[in-house]
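Visitor: please work out how this folds:
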Amino acid sequence: MIAAHGLRWILTVLFVVVTAVSLARALRPDPAHAAAERTTHALHAAMGPAMAVMVWPRGMDVPGTPQAAFFALAAAWFVAAALFRGRWIWQAAGEEPHPRTHTILHALMMGAMAWMVLAMPGGMNSGHSAAGAGSMADMPGMKMSGPGAGMSMRLHGAFHAVAVVLLVVFVAVGLWWLSRAFDTARLTPEPAVASASGANRAESAALRRAVDAGCHGAMALGMAVMLLVMV
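Guide: Got it, this is the predicted structure:
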């Protein structure tokens, strides 16, 4: 939960936009669109609403264990994809193959999401009630500051250390994804070596890769902000 009302809305809009783009990519009517790529976009589309709900006080009324189990399984799926399907995990027709490194980053994001759902007291009493505040104050690894709906959560001990490490990692990952998005968006096919239709297809593929990288970067930085308010 985030106490600053304005920041709640900024992150909510960010996660909703990422969800919409991921869902559109997952449902894109293209028979050449690889099934594993669709699964990736679908999992990120599921991650967006969970992150958006987490920033609001009522988000702590949502059971955390089912969410953690879902995202742990999603992380395991990405790990399995990286380990058992070779260096290139999937490739849609006319598009650059998806490297294993990206899949590991997806696994890291899903695993961190599972950890955050459990670290932030999901499934416990509401954070805006007096009883809820007392219950959450007694949770291991959590400290509460401020009364009622304006209170914020702070991690301590080992929970704090993990959050700091994840914060640094997601800032770096987010900036890396965004730099990749900007670099990819600048790429255009050489007209001398491609037909007009081929050039258009290449440009469309480059734009899709740039949008994907931008969404992943935005999600990673959004997670970094969530972690920042917890430390």
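
Visitor: and the helix ranked longest in the chain, what other elements does it pack with?
Guide: Among the segments of the chain that qualify as a helix by DSSP state H, the longest is helix 196-230. Where contact means 3 or more C-beta pairs under 8 Å, 6 or more residues apart in numbering; DSSP states H and E, helix 196-230 is packed against helix 5-26, helix 35-54, helix 100-119, strand 152-155, helix 158-185. All C-beta atoms are positioned from the backbone trio N, CA, C, and that covers glycine.

Visitor: pick out the shakiest of these, pLDDT-wise.
Guide: Of all those, mean pLDDT reaches its minimum on strand 152-155 (a mean of 65).

Visitor: just to revisit the earlier point, buried residues in the longest helix of the chain?
Guide: Neighbour-count burial for helix 196-230, counted by 16 or more other C-beta atoms under 10 Å, picks out 201-202, 205-206, 208-227, 229-230.

Visitor: then stretch 40-60?
Guide: Using 16+ other C-beta under 10 Å as the test for burial, stretch 40-60 gives 40-48, 50-57, 59-60.

Visitor: OK, contacts around the residue nearest to residue 40 when sequence neighbours are not counted?
Guide: Distances taken as C-beta to C-beta, 6 or more residues apart in numbering put residue 106 closest to residue 40, at 6.3 Å, once the chain neighbours are dropped. With contact taken as C-beta atoms under 8 Å, 6 or more residues apart in numbering, residue 106 is in contact with 40, 43, 44, 78, 216.

Visitor: now those residues as CSV including distance to residue 168?
Guide: Shown next, in CSV, are those (distance: C-beta to C-beta, whole Å):
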residue, distance to residue 168
40, 24
43, 24
44, 22
78, 21
216, 17
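
Visitor: which of those lies closest to residue 13?
Guide: Within these, the smallest distance to residue 13 is 16.4 Å, found for residue 44 (C-beta to C-beta).
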